[in-house]
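1. Sequence first, then the predicted structure, then my questions.
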Amino acid sequence: MGIVARQSIYNIASIGLAFAIGAVNTLFLYPGILGVSFYAIIVALLASSNILQPIFSFGMQHTVIKFYSAAENQEEKDKILFFSLLLPLCIILPSGLLFTSFYDEVAAYMATENAAMADYVFLIFAIAVCTSYFEIFYSWARVQKKSVFGNFLKEVYQRVMIFVLLLLYFFKIIGLQGFIYGLIVGYFLRLAVMFFHSISLYRPRFVGWIPKAFKQLLAFSSLIFLSGFGASLILDIDKTMLIKLVEGKYVAYYTVAVFIASVIDMPNRAMVQIINPLIAEALNKQDKERLYTLLYKSSLHMLMASGLLFVLINSNGEDLYAFIAQLNGKPGFDVALPVVFILSLTKLFSALMGCVNNIITNSQYYKYVPLFTLGSAVSVVLLNLYFIQHYGFVGAAYATFGVISVFNALKLFFVYRAFGIHPFSKPIFLLLILIIGLTIGVSFVPFGGSPFSNLVLRSLLILIVFGGLVLGLRLSEDVAALAGKWLKKVKA
């Protein structure tokens, strides 16, 4: 896939490193150093910040990607970039005044079940501002076809920052308040680095704030804002609701399970960073053949990579949790094992979608995106209320699975009706059979060692069988060619 494959590999490497560091943070340091109560506070604050971020950015990071390549000249492109800085300010400044004026009321609401949260609610606003402008400057880099460094900052930097802050807290160099302030300073520094990187790639000349396509940009941003806000609700509302509906320790258990399942989403997060501007170009040029190729290959390769991770995680679930308990000395987290499986299925279905979401967002049908997303958001809030009350914290996973599965299916059908394309093919179906068969089959292979040795041996078996069948069946010519190149280098 050329530039997609090359930058996706780099992005996967960055995200892989980020998840390795994140695993140390989430599975060992957070529960072992902060404890489940303070861990739940941090999770709820960051989740609330993630919900607020799309409101502040107002979808401008997506607007830049959609309209930049379609601008008629460089002057209009520069205006689009500067407009992406102006519009969020029109929201952030009045929001800041309201937040300050009603701070006590907001803090009291957030601290309903955990009084300690009231002292740190200011983190929500500060980090939301930093992440909003980070995403905008990251989009500046992505339209220049440069996604690797920004992806590194987005995925790796913040996890290294948290790792360092946790160690400082462990050695009593800082307290919880210092940890909170450290998070804010760290996110601000990340924004500053992203700013200087983006203008080093291309420094726009100031020729005005308002582009000719102002009305189209504003209309698109308004709809994408609704979509982004809804998407954030879908991703983070479960943690925010859980802290008000269940004990804090279950929020920590759920968060660890979410992290483990989110590893399956790693290939999707890597590929979408570079494929989004390519989809926008294909749509702007009305290149339907290129659009189909991007959809088919993104679906196949994301399902292949995510499917392997699905098998590794769900075949090793019990031993993984036993190993975690041995290292951090905190038993009890394995009660969330069903959450891992349910959310893993959700991530696998999302991988099968390929770049369907990006096609809808960057096409003339973007007006339908908020309908999908807000429908999902309302559904997930209502289902969370119902399922959490009836099934405890596992109910949040049921709600997420149900909503995302239904709306993913609707999006696939919509793209098929609108563009006449879909990702399904014989290799896709063979791959699904392989994933299901291997997940079930490996569970019958006896392993009687320690949790760590079981993890290693079972994972090696899965890697050998999965890799051998993918190459033997030639499910992807790109993967076969890449494996052939690597084999030649090894022989040389």
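-> Cool, got the structure. Numbers count the residues shown, from 1 in each chain.

2. for the chain, where's the lowest mean pLDDT among helices and strands?
-> None of the helices or strands of the chain scores lower by mean pLDDT, DSSP states H and E than helix 3-23, at a mean of 67.

3. tell me the average confidence for the helix or strand where Thr293 lies?
-> Applying DSSP states H and E as the criterion places Thr293 in helix 288-315. Helix 288-315 carries an average pLDDT of 90.

4. could you give the angle of the following helix or strand past it to helix 288-315?
-> For helix 288-315, the following helix or strand on the C-terminal side (DSSP H and E) is helix 317-328. Note on geometry: by axes from the mean of the first three to the mean of the last three C-alpha atoms, to 10 degrees, helix 317-328 and helix 288-315 are set 70 degrees apart in direction.

5. one step back: can you spell out which helices and strands pack onto the helix or strand just after the least confident helix or strand of the chain?
-> Counting by DSSP H and E, the element after helix 3-23 in chain order, helix or strand, is helix 35-57. Packing partners of helix 35-57 (3 or more C-beta pairs under 8 Å, 6 or more residues apart in numbering; DSSP states H and E): helix 74-101, helix 122-142, helix 214-245, helix 248-262. Bear in mind the C-beta positions are built from the backbone N, C-alpha and C, glycine included.

6. between those, which one is nearest to Met161?
-> In terms of C-beta to C-beta, the element of the helices and strands packed on helix 35-57 nearest to Met161 is helix 122-142, at 11.6 Å.

7. Name the next helix or strand downstream of the closest one, please.
-> Remark: after helix 122-142, the chain's next helix or strand is helix 148-152, criterion DSSP H and E.

8. For that following helix, name the packing helices and strands.
-> Packed next to helix 148-152, using 3+ C-beta pairs under 8 Å, 6+ apart, are helix 3-23, helix 122-142, helix 176-201, helix 266-284.

9. Quick check: which of those helices is nearest to Val415?
-> helix 266-284 (11.5 Å).

10. and for that closest one, what are the contacting residues?
-> Residues from elsewhere that reach helix 266-284 (C-beta atoms under 8 Å, 6 or more residues apart in numbering): 3-4, 7-8, 11-12, 14-16, 19, 65-66, 68-70, 142-143, 145, 147, 150-151, 155, 287, 290-291, 294, 298, 301-302, 305-306, 309, 347, 350-351, 355, 358-359, 362-363.

11. try it again with 7 Å
-> Residues from elsewhere that reach helix 266-284 (C-beta atoms under 7 Å, 6 or more residues apart in numbering): 3-4, 7-8, 11-12, 15-16, 19, 65-66, 69-70, 142-143, 145, 147, 151, 290-291, 294, 298, 302, 305-306, 309, 350-351, 355, 358-359, 362-363.

12. Could you list the low-pLDDT ranges of the stretch 251-400 of the chain?
-> Along the stretch 251-400 of the chain, segments meeting pLDDT under 70 span 272-274, 328-330.

13. can you do 90?
-> Applying pLDDT under 90 to the stretch 251-400 of the chain picks out residues 251-291, 293-294, 296-299, 301-302, 305, 316-336, 350, 353-397, 399-400.

14. In the stretch 51-200 of the chain, where is pLDDT below threshold?
-> 51-91, 96, 98-125, 127, 136, 139-159, 162-163, 166-167, 169-181, 183.

15. mind redoing it with 80?
-> In the predicted model of the stretch 51-200 of the chain, residues 51, 65-66, 68-72, 106-120, 145, 147-148 satisfy pLDDT under 80.

16. so who does Phe179 touch?
-> Contact analysis of Phe179 by C-beta under 7 Å, 6+ apart lists 165, 169.

17. try 10 Å
-> 33-34, 38, 42, 120, 162, 165-166, 168-169 (C-beta atoms under 10 Å, 6 or more residues apart in numbering).

18. How about Ser306?
-> Neighbouring residues of Ser306 by C-beta under 10 Å, 6+ apart: 263-268, 344, 347-352, 435.

19. State the helix or strand in which Leu412 lies.
-> helix 394-419.

20. swap that for Ile360, please
-> Applying DSSP H and E, one finds Ile360 within helix 356-362.

21. now swap in Arg474 and tell me
-> Following DSSP H and E, there is no helix or strand that holds Arg474.

22. about what we covered before: between the helices and strands packed on helix 148-152, which gets nearest to Leu482?
-> Proximity to Leu482 (C-beta to C-beta) singles out helix 3-23 among those, at 7.7 Å.
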